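[1] Requesting a structural model of the entry that follows:
(chains A and B)
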Amino acid sequence: MSFSIEGFSATRRLVLQGAGAVALFGFGALAARPALAAANDTYPEAAFKQKADKDAIQALYGRTADASDKVKLDAPEIAENGAVVPISVTTTLENVTSISFFVSGNPNALAASYAIPEGTLPAVSNRLKMQQTSNVIAIVEAGGKLYSATKEVKVTVGGCGG
Amino acid sequence: MASTIRVRAIANGDTTEVQALIQHPMDSGFVKDAQGAVIPAHFIQQLTFEHNGKAVFTADWGPAVAKDPYVKFGFKGASKGDELKVSWVDNKGASDSTTAKIQ
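    Presented below is the predicted three-dimensional model:
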């Protein structure tokens, strides 16, 4: 287990080398750490913190999207309950690598982002919360480019506040 | 405790259609309780579906995903009887996973 001790402080190393029981416990802590870090590395924390839809798209992809009729966004005209709005997207584009949903009127625009590896169909259905009547934007990343579809959804009861 | 994940995966020819429903409060951090205190944000950040050790679908979620989230997608290359592993992690570090047989 000497490989996993590399990079840690001298005191930690001494403790690990000290007693067998302590070393065993220490190894458990070391093993858990990289796993947690790996899971957090890919989560786009900064993009989820952006307020405006444009900023969130920029933070997530680093570029802007072009509207495309090849992206089909399916959302209700009127959502009676903003806490549960069924939204889905399909596309005829090829080489799709990710699909993301943005709700312009929410406190933070980015709602969900899905990675689409090769072999997975470029279609996703989910349910989002909407605070108020606003645009819903679906972004499809295909072949390194961004394509979008936008639809306004009227919300009669908001889903983000009392 | 029963799993928080309910998943149904049905193979139809080459394509497998997956529907998953997860029990989670998905608190946004913007809602106040009856006493006027803000309910802290508590939501699933990452949801992963794996087939034969390969991720076939990964979701990064923010607090704007509805309570008890639902998701549907499809992928190719699996057949009946294969196992599909589903796991999630939330912003408080809690997690759950389950394995479903593709029908």
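
[2] Centroid-nearest residue for chain B?
    Centroid check for chain B by CA atoms, centre = their mean gives B:Leu47 as the closest residue, at 4.9 Å.

[3] Give the pairing partners of the strand or helix carrying it; include direction for each.
    With elements taken from DSSP states H and E, the one containing B:Leu47 is strand B:44-51. Here strand B:44-51 is paired, per DSSP bridges, with strand B:54-61 (antiparallel), strand B:83-90 (antiparallel).

[4] Go through the ones you listed and pick out the most buried.
    Comparing the strands paired with strand B:44-51 by mean neighbour count (mean count of other CB atoms under 10 Å in any protein chain shown), strand B:54-61 comes out on top with a mean of 21. Quick note: C-beta positions are derived from backbone N, CA and C, even for glycine.

[5] now what about that one, what contacts it?
    A:42-44, A:48, A:111-117, A:119-120, B:18, B:43-50, B:69, B:71, B:73, B:75, B:78, B:84 (CB atoms under 8 Å, 6 or more residues apart in numbering or on different chains).

[6] Give me the buried entries from these.
    Members of the contacts of strand B:54-61 that pass the buried threshold by neighbour count (16 or more other CB atoms under 10 Å in any protein chain shown) are listed as A:43-44, A:48, A:111-116, A:120, B:18, B:43-50, B:69, B:71, B:73, B:75, B:78, B:84.

[7] ok, so what distance separates the residue of chain B most remote from its centre from A:Leu60?
    What lies farthest from the middle of chain B is B:Gln35; by CA atoms, centre = their mean that is 31.2 Å. According to CB to CB, to the nearest Å, B:Gln35 stands 36 Å off from A:Leu60.

[8] And for A:Ser113?
    Plainly put, A:Ser113 is 6 Å away from A:Leu60 if you go by CB to CB.

[9] Find the residues that touch each one of those two.
    When contacts are counted by CB under 8 Å, 6+ apart, A:Ser113 and A:Leu60 are jointly contacted by A:44, A:47, A:100.

[10] near chain B, which of those residues show up?
    Restricting those to those near chain B by CB under 8 Å from any CB of the partner chain leaves A:Pro44.

[11] can you list the shared contacts of A:Ser113 and A:Leu60 in JSON lines and add secondary structure and pLDDT?
    Below are the shared contacts of A:Ser113 and A:Leu60 laid out as JSON lines (DSSP: H, G, I helix; E, B strand; the rest coil; pLDDT from 0 to 100):
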{"residue": "A:Pro44", "secondary structure": "coil", "pLDDT": "90"}
{"residue": "A:Ala47", "secondary structure": "helix", "pLDDT": "89"}
{"residue": "A:Ser100", "secondary structure": "strand", "pLDDT": "94"}
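
[12] hang on, A:Ala56 is in a strand, isn't it?
    No - checked against DSSP: H, G, I helix; E, B strand; the rest coil, A:Ala56 lies outside a strand; its state is helix.

[13] contacting residues for it?
    Counting by CB under 8 Å, 6+ apart, A:Ala56 touches A:47-48, A:50, A:102, A:108-110.

[14] Could you list the domains of chain A?
    Per automatic domain parsing, the structural domains of chain A span A:2-41, A:46-155.

[15] ok, and does the longest strand along chain A reach over to chain B?
    The strand spanning the most residues in chain A, taking DSSP state E as the definition, is strand A:145-155. No - in this structure, strand A:145-155 remains apart from chain B according to CB under 8 Å from any CB; the gap is never smaller than 12.6 Å.
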